[in-house]
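# Quick one, fold the following:
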Amino acid sequence: MKAQGLPISTIIIAALGLLVLVVIGAIFGGQITKFGRVTNECIGRCIVSDANMQTKAQAIGLSVDSDKDCNAAEREISGKYIAQGQAGIKPGDLVFCNKCCATTG
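Residues are numbered from 1 along each chain as shown. Reported below is the predicted structural model:
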């Protein structure tokens with residue numbers, strides 16, 4: 001009885017398919033990171049009460065408010081948000097809002 005093996009063409013096609021999946025995964029993974037960052041941005045006024053975060057914000061030129069509540073025309077959005085305008089900032093250097101106040105009208 002003779003052993004049956006996989007033809008070389010099947011092995012090559014499987015390897016190319018795996019390579020394509022890895023490349024697509026890398027591309028998609030990068031886009032998911034961008035999407036996640038955009039969905040976590042404060043869509044209104046970012047309020048930062050932590051002095052270290054305020055210093056970070058000033059260092060990269062972000063406009064944030066300190067220790068203020070949302071006014072009558074705004075409502076506080078619950079959750080953890082980052083200040084807008086941090087597209088090229090590394091994840092460890094992001095400025096996070098203590099409150100995000102969005103305009104209701």
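# max-length helix in the protein?
Ranked by residue count, the top helix of the chain under DSSP state H comes out as helix 8-39.
# residues touching the residue most central in space within the chain, list them.
Centroid-nearest residue in the chain, with Cα atoms, centre = their mean: Arg37, separated by 2.0 Å. The contact partners of Arg37, by Cβ atoms under 8 Å, 6 or more residues apart in numbering, come to Ile82, Gln86, Ala87. Every residue, glycine included, has its C-beta placed from N, CA and C.
# Let me have those in JSON lines, adding neighbour count and distance to Leu21 as columns.
Output for the contacts of Arg37, formatted as JSON lines (neighbours: other Cβ atoms under 10 Å; distance: Cβ to Cβ, whole Å):
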{"residue": "Ile82", "neighbour count": "20", "distance to Leu21": "31"}
{"residue": "Gln86", "neighbour count": "20", "distance to Leu21": "31"}
{"residue": "Ala87", "neighbour count": "9", "distance to Leu21": "28"}
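# Mind checking which of the residues you listed land in strands?
Ile82 (DSSP state E).
# out of the contacts of Arg37, who's nearest Val23?
Proximity of those to Val23 (Cβ to Cβ) peaks at Ala87, which lies at 24.1 Å.
# Against Ile60, how distant is that closest one?
Separation of Ala87 from Ile60 (Cβ to Cβ, to the nearest Å): 11 Å.
# Now Cys100: which helix or strand?
strand 99-103 (DSSP states H and E).
# Buried by neighbour count: which residues of that strand qualify?
Lys99, Cys100, Cys101 (16 or more other Cβ atoms under 10 Å).
# OK, contacts around Asp65?
Arg45, Cys46, Ile47, Val48.
# among the residues you listed, which ones are buried?
Using 16+ other Cβ under 10 Å, the buried members of the contacts of Asp65 are Arg45, Cys46, Ile47, Val48.
# Restricted to strands, list those residues.
Of the positions in the buried ones among the contacts of Asp65, Arg45, Cys46, Ile47 sit in strands, assigned by DSSP E.
# Chain neighbours aside, what residue packs nearest to the last one?
Counting by Cβ to Cβ, 6 or more residues apart in numbering, Ile47 lies nearest to Lys99, which is 4.1 Å off, once chain neighbours are set aside.
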